[in-house]
Each structure stands twice: as structure tokens, then as C-alpha cells.
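> Give me a model of this one.
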Amino acid sequence: MVDRITSAIEAGPFTLVTTVDHAASAADVGLELRPTTLLVFGNPAVGTLLMQSAQTTAIDLPQKLLVWEAADGTVNVSYNDPQYLAVRHGIEDRKEVLSKVSGALSSLVDAGRP
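From the prediction side, this is the model:
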């Protein structure tokens, strides 16, 4: 799933900033962690608009998707809903941008499914 989402990020209007393999980092210090990978990516043309409305949004950008394996073996994808970010940072003037971000995140999650 991580590879499919990464490919979708790179094929879209996004820049993949980094990939953090938390399970590999845990193994490096002798600890075990089920597969847990954070993908950090963004689109400055969109993120900048949100930061112009509330500069504090920068703490939550670039956008992130967390791909993680649950104890039962299912693979999940988690992310902060753009509406949560709007409330957290008091963004009231970017409904269209927030809707676009929401759609993009949903599309990336769908791209990760087999």
C-alpha cells in the first residue's frame, strides 16, 4: 500500500518531502513495531493559501498520511481531516481549498487500495 500511495503522490501535483519508516527505526534500536510508515508531502500552491489564512497551519503542513498495520493484520491509512485543521487554526475563508485537500487525500487513500 505504501508503494501505491507513494506512486500516486509522485504522479500527482504533490512533492514527496520524506518517508519515515517507524518500524525500521524501531528495529535500529532493537525494538519491534508493526509496519508503520509516515508519508510527508505537499503542494505549496495549496498549502500556502491555508498558511496565508492562518500562519499557524504551518505546524500541520506539509500534509501527512500514516500507513499502519493493526494487530489483526489489517492495513490502515490515517490523516488529519482538513476540517479539523480549519477548526484548529480558525480558517474560515478557504472552504474551497479545504474541500480540494479533502478530495486529494481521499483519492490518495483510494490509490493505495489493491
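> Tell me the pLDDT of Pro114.
What the model reports as pLDDT for Pro114 is 85.
> measure it to Asp3 for me?
Distance, Pro114 to Asp3, by CB to CB, to the nearest Å: 11 Å. Quick note: C-beta positions are derived from backbone N, CA and C, even for glycine.
> Which one of the two is surrounded by more residues?
Applying other CB atoms under 10 Å to Pro114 and Asp3 shows that Asp3 carries more neighbours, namely 9 against 5.
> In contact with that one, which residues?
By CB atoms under 8 Å, 6 or more residues apart in numbering, Asp3 lies in contact with nothing.
> quick one: pLDDT of it?
97.
> Check the offset of whichever strand or helix holds it from the chain's centre.
In this structure, Asp3 sits in helix 2-11 according to DSSP states H and E. Centroid separation for helix 2-11 versus its chain: 12 Å, with CA atoms, centre = their mean, to the nearest Å.
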